[in-house]
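Novice: With the sequence up front, the predicted model follows.
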Amino acid sequence: MNNSPIKISLIALFSVGALLSAQDAYAMHISEGILPLNWAALWFALAIPFVAYGLYSLNRRSRNDLSFKPLAGLMAAVVFIISCMPIPIPFAGTCSHPCGTGISGILVGPAISVVIAAVALLIQAIFLAHGGLSTLGADIVSMGVMGSFAGYFTFRILLSLRMGIAVSGFMAGLFADWATYLMTSVELASGIKGGAAFLPLFYKILIAFIPTQLPLGILEGAITAGMVMLLYKKRPDILVKMHVIKPGDVAMGKQGMTALIVAFFIFGGALSAAIPAEAAKWTGVDEAVIEKVAKEHGREAKAPLIDKEQGDLLLFLFLAAGAIGGFAAGYYWRALVAEKRTRVDDKKEAMMEDK
Amino acid sequence: MADMTRLLLKNLTYTYPDGTEAISGISLSVAKAEFTGILGYNGSGKTTLLKIMDGLLKDFQGSVLLDGVDIRGLAPREIYRKMGIVFQNPNDQLFAPTVFEDVAFGPMNMGFTETEVKERVTDSLRSVEMEDYAKKSIHHLSFGQKKRICIAGLLSMGHEILLLDEPTAGLDPFGEYQMMNLLTRLNKDRDVTIVMATHSVDLVPVFLDRLYILSKGRIVRGGTPEDVFTAPEDMNQVKLRMPHIAELIYRLKHEDNIPFKKIPLTIGEARRELIEVFQGSKNE
Amino acid sequence: MIFSKYIHNEEHWLSRLDARVKLVVTLAILVMVLSYKGSAFHLFVTALCLFQCWRMKIPWRVFLLRFSEPVFIVLVILLLKIFFSGGESIFSTEIMGIQITAYREGLAEGLSIASRIIAAISIMAVMVFSTPFTELLAALSWLRVPQGFIEILMYAYRYIFVLIEDAGVIYDAQKNRLGYATLNRRFSSIGILVGSLILKAFEHSQNISVAMVQRGYDGQIPLLKQKPFRLAEVVISFLFVTMMGFLWQI
């Protein structure tokens, strides 16, 4: 008798792990129906001003340049394709996809990039059920607003620091991806928390996404850098026209690279030194404060929902299971997506086209 | 004849922004309901020439007269009411999701009412034999069908002059044949004046009234196909060749001294010439 | 490509319905689903929608692809909720020294969210499977979605297909020359692929705007007028929504 619950939970554990990593493949999108009405409405309310401003500046820019609206439409198509591109994540064993909004943010500016992301997201929601109509607002906020603005400002700031376009592009892609991932976790946690507390759930989701999102961010950075460099080499005039670089900004590639490597080590060193020190300084402070405030309001601190040590262990186990299960899930996932084409299919399609 | 001239190019020269010369000193005229071809190798300046004729490139020297008026003095709307260009890649021209919406785009911009727009769309789709495809998505069409829709999109605006850039490029042999038949029909039945840029020498003589050969941005020859295709050496100089059948007869005449009266350009003409020569030798 | 698997059934009666009516009904039911506490209404909506999907003869693969991602998410959320929320425990066990406890409240909440997601996905599926994209565009513009947004949607929809073709050509060319042989090369190849796609986007947008200008484009695409509503459709849809609203109440 005692055997069966153990079995059940083991199966559950492994399936959660596997599913987590399979689901990570679409981590950027919040699926239809996850958010209750009030949250969905809130994110819509947040997203709409950005989209409206984006449309305003789009109309203004297309008055001078009639090719600008088609360009925005094609960029949306590119963002759509980029975020449908399955990209193997070496660490997690699954395929995931970049979000591409960093790229459009750099090229057309963050405001219009929000519109582009919104269009791409709507098409994805309709055709592929990635994301949804009701969660469109939330997805626009995380992918469109956060991704575009993080990408754009990272790029601009680094470029003004004379970091070179490759480096700036890399960091822009990285931060665009991570900003999106952070925002998605906030939205997801607040949406499904129900009666539970927000922060623990948020941390759990955050941790659960780490194995794919950390490498994915780096990958997105690499892609963005590759894209910017290609444009820089082949068509610098486009970058100038889109106000990405100034006509004078030539020969910034190599210098920036060395600058980056130096900066990276300094930054990394400083960070590794600073974090433990900082952490040591502040440990317990916020907990103490919150506890105090809570007590004042007549709420005694409850025992943690899950014992901290055990919870962490459990999560670790989840991640390990995720890595293993991910291989299996990711492998068979392809079988479903990449359909075997048969002659019958071809014939059918030909007939459809004839009609 | 002079009042029948629709397009007149005088001493046209265009230089790319980077300084290379695209075309220089081109003068030619296109008469009403004429089917004109501009023949040249890839990169000879055909597309640039068509774009200038259509008023898309403005900073050229010389003049382009459309019905006797310089196109630089015409508003775009006045040009595009009469004349339109079909680009080589139909994907660059068809922007709407469905056939109907795309073909309706022109007439709607011209301010026609809904019923008029519909009539024009159906009519122009019928003339390119695509009337059953109005509700189709563009991406479901084949390459050749897309090209037809491009043409329909211009016809629906009531164009009298069509400029076509490589209308047969990328089509299979039968598709080429169909496309040329369609163009001839438009030309003969609807009196559409057609200027077509191409590098396919075999099709040209069968269908075209007048022909210009473009090389290095200059017109090196002009006239009827018979005037232009005279000797293989001349054609090779401008990186083109004779139609195969013409080259065969040319070699038979000049290298084997078989007494052909003229160099035929099409299979039909060649057949007649050959029969004549055979019968001539039998009679001797 | 998954994308080409988007289909709709033209024979089904839902396909003949005015897209505007369909969109409004879908949105209304979506709002009801999202604001309903419990599972009964969700299950009813799901059953109704799945039945319609079955009647529309959607191929199982298309159907599965559409539902696979949400179903994954549903399971993840369910498990997260069951094992990580608090309250009364259903069972508790220990594996390898780790205490695992399932909670009743978590189960209830998880099931509620799960049914909500499935219901929302189903109603969307029915609408999408019965409506061509262009009709949806027209319906959106009737709902006062700004014209600029609609135009960009239109271009995006049209050129996704063209760019996917372009991307396929570049991808094959890269693959032929071992662009995807090692992990490093794979990343740089993807970067180049994306960069080339953006170059293509620029080229296409230049050419389209030229082609459109010569057909009278002045910055705005004129939209076709909508057909008038059919009264019977509107009335029946209204009754349907009212009925659903009534069910939602109880």
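Specialist: The structure has been received and is ready for your questions.
Novice: and C:Asn207, what does it touch?
Specialist: B:Phe87, B:Asn89, B:Asp92, B:Gln93 (C-beta atoms under 8 Å, 6 or more residues apart in numbering or on different chains). In short, each C-beta sits where N, CA and C put it, glycine included.
Novice: any idea of the pLDDT on it?
Specialist: The score at C:Asn207 is 88. That number is its pLDDT.
Novice: what about it, which helix or strand?
Specialist: Of the helices and strands defined by DSSP states H and E, C:Asn207 is found in helix C:183-213.
Novice: Which elements pack onto whichever helix or strand comes after that helix?
Specialist: Sequence-wise, the next helix or strand beyond helix C:183-213 is helix C:231-249, with elements assigned using DSSP H and E. Other elements packing on helix C:231-249 under the criterion 3 or more C-beta pairs under 8 Å, 6 or more residues apart in numbering or on different chains; DSSP states H and E are helix C:19-35, helix C:40-55.
Novice: okay, the ones you listed in TSV with mean neighbour count next?
Specialist: Rendered in TSV, the data for these read as follows (neighbours: other C-beta atoms under 10 Å in any protein chain shown):
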stretch	mean neighbour count
helix C:19-35	20
helix C:40-55	17
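Novice: how about stretch B:144-155, does it get close to chain A?
Specialist: No: taking C-beta under 8 Å from any C-beta of the partner chain as the criterion, stretch B:144-155 and chain A are apart, separated by no less than 9.6 Å.
Novice: how distant is that stretch from the center of its chain?
Specialist: 14 Å (C-alpha atoms, centre = their mean, to the nearest Å).
Novice: which residues sit against it?
Specialist: If you take C-beta under 8 Å, 6+ apart as the criterion, stretch B:144-155 is touched by B:84, B:86-87, B:90-91, B:93-94, B:99, B:102-103, B:105-106, B:121, B:124-125, B:127-130, B:133, B:138, B:141, B:162, B:164, B:167, B:171, B:175, B:178-179, B:182, B:186, B:192, C:215.
Novice: Where does pLDDT dip in chain B?
Specialist: Scanning chain B for pLDDT under 70 picks out B:1-3, B:284.
Novice: how about a cut-off of 80?
Specialist: When residues are selected by pLDDT under 80, those of chain B lie in B:1-3, B:17-19, B:203-206, B:231, B:281-284.
Novice: who in it is up against chain C?
Specialist: B:54, B:56, B:76-77, B:79-80, B:84-85, B:87, B:89, B:91-98, B:101, B:104-106, B:108-110, B:114, B:137-139, B:153-154, B:157.
Novice: Which ones among these lie within strands?
Specialist: Under the assignment DSSP state E, the residues of chain B next to chain C contribute B:Gly84, B:Ile85 to strands.
Novice: Drop anything exposed from the residues of chain B next to chain C.
Specialist: Neighbour-count burial (16 or more other C-beta atoms under 10 Å in any protein chain shown) applied to these gives B:54, B:56, B:79-80, B:84-85, B:87, B:89, B:91-98, B:101, B:104-106, B:108-110, B:137-139, B:153-154, B:157.
Novice: Show me which residues of chain B sit near chain A.
Specialist: With C-beta under 8 Å from any C-beta as the criterion, chain B meets chain A at residues B:Phe95, B:His140, B:Ser142.
Novice: Could you single out the nearest of these to chain C?
Specialist: B:Phe95 (5.0 Å; C-beta to the nearest C-beta).
Novice: Next, the closest one: phi, psi?
Specialist: Note on B:Phe95: backbone dihedrals following degrees, to the nearest 10 are phi -110, psi -20.
Novice: That one reaches C:Ala156, doesn't it?
Specialist: No: applying C-beta atoms under 8 Å, one finds B:Phe95 not in contact with C:Ala156, separated by 10.9 Å.
Novice: if you look at stretch A:76-88, does any of it touch chain C?
Specialist: Yes: judged by C-beta under 8 Å from any C-beta, stretch A:76-88 comes into contact with chain C through A:Ala76, A:Ala77, A:Val78, A:Phe80, A:Ile81, A:Ile82, A:Cys84, A:Met85, A:Ile87, A:Pro88.
Novice: Could you dump these into CSV and include pLDDT?
Specialist: CSV is the format used below for the residues of stretch A:76-88 next to chain C (pLDDT from 0 to 100):
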residue, pLDDT
A:Ala76, 92
A:Ala77, 91
A:Val78, 90
A:Phe80, 88
A:Ile81, 86
A:Ile82, 83
A:Cys84, 74
A:Met85, 70
A:Ile87, 61
A:Pro88, 58
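Novice: List buried members of those by neighbour count.
Specialist: Buried residues within these, defined by neighbour count using 16+ other C-beta under 10 Å: A:Ala76, A:Ala77, A:Val78, A:Phe80, A:Ile81, A:Ile82, A:Cys84, A:Met85, A:Ile87, A:Pro88.
Novice: List just the nearest of those residues to chain B.
Specialist: Nearest to chain B among those: A:Ala77, at 11.8 Å, using C-beta to the nearest C-beta.
Novice: pretty sure that closest one is in a helix, no?
Specialist: Yes: following the definition DSSP: H, G, I helix; E, B strand; the rest coil, A:Ala77 is counted among the residues of a helix.
Novice: which ones are touching it?
Specialist: Applying C-beta under 8 Å, 6+ apart to A:Ala77 gives the contacts A:Ala120, C:Tyr155, C:Ala156, C:Tyr157, C:Tyr159, C:Ile160, C:Val162, C:Leu163, C:Ala201.
Novice: what about the residue lying closest to the second one once chain neighbours are set aside, which helix or strand?
Specialist: Same thing as C:Tyr155. Leaving aside its sequence neighbours, C:Tyr155 sits nearest to A:Gly73 (C-beta to C-beta, 6 or more residues apart in numbering or on different chains; 2.3 Å). Following DSSP H and E, one finds A:Gly73 within helix A:68-82.
Novice: now the angle between helix C:183-213 and that helix, please.
Specialist: Computed with axes from the mean of the first three to the mean of the last three C-alpha atoms, to 10 degrees, the direction of helix A:68-82 lies at 150 degrees from that of helix C:183-213.
Novice: A:Ile30 against A:Ser134, yeah?
Specialist: No: look at A:Ile30 against A:Ser134 with C-beta under 8 Å: they stay out of range, at 9.4 Å.
Novice: that older thread, number of residues surrounding the residue nearest to C:Tyr155?
Specialist: 27 (other C-beta atoms under 10 Å in any protein chain shown).
Novice: hang on, the earlier thing: just the buried subset of the contacts of stretch B:144-155, please.
Specialist: Listed as buried from those are B:84, B:86-87, B:90-91, B:93-94, B:99, B:102-103, B:105-106, B:121, B:124-125, B:127-128, B:130, B:133, B:138, B:141, B:162, B:164, B:167, B:171, B:175, B:178-179, B:182, B:186, B:192, C:215; burial here means 16+ other C-beta under 10 Å.
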